[in-house]
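>>> below is the sequence, then the predicted model.
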Amino acid sequence: MQLEGRVAAVTGGTAGIGRGIAEAFLAEGAQVALMARNRDKAERVLAELDVGDRAVFIAGDAMVQAEVEGFIDQAVAHFGRLDVLVNNAGGAGDLQPLVDLSDEAFDLAIKWNLYSTFWATRRVLPGMLERGFGRIINISSVEGKIGKPVFTAYTAAKHAVNGLTKSLAQEVSAQGVTVNAICPGLVITDIVKDNGPATAEAMGLSFDEMVDLFAQESAIKRPNTVEEVAAVAVLLASDAGGGITGATLSVDGGSAPY
């Protein structure tokens, strides 16, 4: 029960890595507010979690500033405070060579991955700083450290998330708020299964070929798991993670060179 008594908020919290982190936090005793767009799906997730009033769903779109900030405000109103923020919402969006990339597609990648992180973090920080305690965990990507063809906009956004993480840590860690990023490699979530074929096609590969390529780029020669990412999030949210800040922690099986 490493997180007993702590209150966490997770954007994109009803599927994939976000849901895995929420489940791990709940298993460690936390209370958790989940943000996502699909209310029907969220209600099913809450029923499956079966933790009573320790989990609450608040509808919101990570690409709409007012809804991101409203999620933070409602979570605080519901639980009384937020100790941990996990900025998980994001995605690769439209994958094309840069020469074919529209302003709108580039804008979407930046808003979905970077602005959503910025908006939620800025909203939650005053309360954390006032109490002298907080944990901000940004879910970045291995693409925040390396580059791949057609991932240009997503890679730019995740590099920016890592930069935000490092600079903010320097601003607030002496006041008790740690700020870190987790950089997962390929994780085969339902979202990846749904969107992966289109991603693979943009890379000129089949889905299975893309998975094998990403696996072979790693030292472990396989995709990572949601549980492996969630375990690192638990560490960062716990007392044991108090000395870690400004880090971009790879959970990529050794794919990134640093």
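Structure's in. What do you need? Owing to the predicted nature of the structure, the values given are computational and were not obtained by experimental measurement. Residues are numbered from 1 along each chain as shown.
>>> so where do the strands sit in the stretch 51-200 of the chain?
According to DSSP state E, counting those that start in this stretch, the stretch 51-200 of the chain carries its strands in the segments 55-59, 84-87, 134-139, 177-184.
>>> dump the ones you listed into TSV; add mean neighbour count and mean pLDDT as well.
(Glycine included, C-beta is placed from N, CA and C.) Below are the strands of the stretch 51-200 of the chain laid out as TSV (neighbours: other Cβ atoms under 10 Å; pLDDT from 0 to 100):
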stretch	mean neighbour count	mean pLDDT
strand 55-59	19	96
strand 84-87	28	98
strand 134-139	27	98
strand 177-184	26	98
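>>> can I get those in JSON lines with distance to residue 117?
Output for the strands of the stretch 51-200 of the chain, formatted as JSON lines (distance: least, Cβ to Cβ, whole Å):
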{"stretch": "strand 55-59", "distance to residue 117": "17"}
{"stretch": "strand 84-87", "distance to residue 117": "4"}
{"stretch": "strand 134-139", "distance to residue 117": "6"}
{"stretch": "strand 177-184", "distance to residue 117": "9"}
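>>> residue 252 is nearest to which of these?
Among the strands of the stretch 51-200 of the chain, the nearest to residue 252 by Cβ to Cβ is strand 177-184 (6.2 Å).
>>> for residue 120, which of the strands of the stretch 51-200 of the chain is the nearest?
strand 84-87 (5.6 Å).
>>> which residues touch the closest one?
3, 6-11, 13, 18, 21, 25, 30, 72, 116-117, 120-121, 124, 134-139, 161, 233, 237 (Cβ atoms under 8 Å, 6 or more residues apart in numbering).
>>> try it again with 7 Å
Strand 84-87 is contacted by residues 6, 8-11, 21, 116-117, 120-121, 124, 135-139, 233, 237 when judged by Cβ atoms under 7 Å, 6 or more residues apart in numbering.
>>> cool, stretch 65-83 as well?
6-9, 31, 33, 35, 56, 58, 60-62, 116, 119-120, 123-124, 127, 131, 133-135.
>>> swap in stretch 162-175?
Contacts of stretch 162-175 (Cβ under 7 Å, 6+ apart): 117-118, 125, 129, 132, 138, 140, 144, 178-181, 245-246, 248.
>>> quick one, helices of the stretch 1-150 of the chain?
16-27, 39-49, 65-79, 103-110, 116-131 (DSSP state H, counting those that start in this stretch).
>>> what's the most buried one of those helices?
helix 16-27 (a mean of 23; mean count of other Cβ atoms under 10 Å).
>>> can you give me how far it is from the chain middle?
With Cα atoms, centre = their mean, to the nearest Å as the basis, helix 16-27 stands 11 Å off its chain's centre.
>>> over to stretch 155-171?
Worked out by Cα atoms, centre = their mean, stretch 155-171 lies 13 Å from the chain centre.
>>> which stretches of the stretch 151-258 of the chain aren't confidently modelled?
Across the stretch 151-258 of the chain, nothing is flagged by pLDDT under 70.
>>> how far away is the spatially most central residue of the chain from residue 257?
The C-alpha lying nearest the average C-alpha coordinate of the chain belongs to residue 88 (Cα atoms, centre = their mean; 2.1 Å). The gap separating residue 88 from residue 257 is 25 Å, by Cβ to Cβ, to the nearest Å.
>>> show the contacting residues for the closest residue to residue 230 other than its chain neighbours.
Nearest residue to residue 230 in three dimensions, chain neighbours excluded: residue 24, at 3.9 Å (Cβ to Cβ, 6 or more residues apart in numbering). By Cβ under 7 Å, 6+ apart, residue 24 lies in contact with 230, 231, 233, 234.
>>> what number of residues lie near the third one?
Going back to what we said before, that points to residue 233. 29 (other Cβ atoms under 10 Å).
>>> could you shift the numbering so residue one becomes 58, and keep it that way?
With the count now opening at 58, the last piece we talked about shows up as residue 290.
>>> so which strand or helix has it?
Counting by DSSP states H and E, the element that carries residue 290 is helix 283-294.
>>> which residues are contacting that helix?
So helix 283-294 is contacted by 59-60, 63, 65, 73-74, 77-78, 81-82, 85, 141, 143, 192, 194, 237, 239, 241, 244, 246, 298, 301, 306, 308 (Cβ under 7 Å, 6+ apart).
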